[in-house]
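Student: I'll drop the sequence and a predicted model, then ask my questions.
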Amino acid sequence: MLKRFITNTLCSFLTLILMSLIFTFAGFSIIELFKSFAGVVMVLVFGALLFLGYFIGTKLHYAKGMGFVSIVLLPIIVFAVLFALSIVGVPVISMLIQYPAAVWGEAFNARVTDNSVIFYGVAVLHYLICSLSLFFGAYKKQESEL
């Protein structure tokens with residue numbers, strides 16, 4: 001049980017990092033190429049990443065007691081802790097964690113950087129939605145096995 005919990009948490013955390021990096025690097029390129037309708041293209045890219053997360057989630061372990069905590073809650077807490085620690089130590093990590101919110105703001109020409117509460121809310125929402133795609137994939141796998 002502990003091995004599955006650690007495996008889920010680690011895989012979910014690494015997948016969130018991978019999805020974030022893909023979203024960020026693709027996002028800045030897409031914003032430059034499609035200035036007028038970059039928001040629509042970014043929603044399509046985000047949907048593709050959610051499908052990727054769902055597919056990866058089908059490879060994770062699901063149990064009622066550990067599924068949500070190990071796939072959704074703990075990786076987001078790890079992101080928050082890394083962000084807090086990196087503000088003091090290594091600012092590059094905190095910038096990488098924040099970039100998805102900046103991409104969403106740029107894609108929709110929103111001034112999310114003017115209000116830090118909205119900016120960090122967008123970042124948390126981005127990671128929460130990504131981790132929920134992993135969770136739904138793991139849940140669907142468990143449902144199909146029954």
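Tutor: In hand now; what should we look at?
Student: what helix or strand does the residue nearest the centre of the chain sit in?
Tutor: Centroid-nearest residue in the chain, with C-alpha atoms, centre = their mean: residue 127, separated by 3.2 Å. In this assignment (DSSP states H and E), residue 127 forms part of helix 116-145.
Student: before we move on, back to that, make sure the residue nearest to the centre of the chain is actually in contact with residue 79.
Tutor: Yes: using C-beta atoms under 8 Å, residue 127 makes contact with residue 79 at a distance of 6.0 Å. No exception for glycine: its C-beta is placed from N, CA and C like everyone else's.
Student: which neighbours do these two share?
Tutor: Both residue 127 and residue 79 are in contact with residue 16, where contact means C-beta atoms under 8 Å, 6 or more residues apart in numbering.
Student: give me the number of residues near the nearest residue to residue 87 once chain neighbours are set aside?
Tutor: Leaving aside its sequence neighbours, residue 87 sits nearest to residue 94 (C-beta to C-beta, 6 or more residues apart in numbering; 5.4 Å). Neighbourhood size, residue 94 [other C-beta atoms under 10 Å]: 17.
Student: Next one: residue 94 from residue 116, what distance?
Tutor: Counting by C-beta to C-beta, to the nearest Å, the gap from residue 94 to residue 116 is 13 Å.
Student: Show me the contact partners of stretch 116-130.
Tutor: 15-16, 19-20, 23, 49-50, 53, 72, 75-76, 79, 97-98, 100-102, 104-105, 112-113.
Student: What are the buried residues along that stretch?
Tutor: By 16 or more other C-beta atoms under 10 Å, the buried positions in stretch 116-130 come out as 119-120, 122-123, 126-127, 130.
Student: again with stretch 36-43
Tutor: Result for stretch 36-43 [16+ other C-beta under 10 Å]: buried residues 38-39, 41-42.
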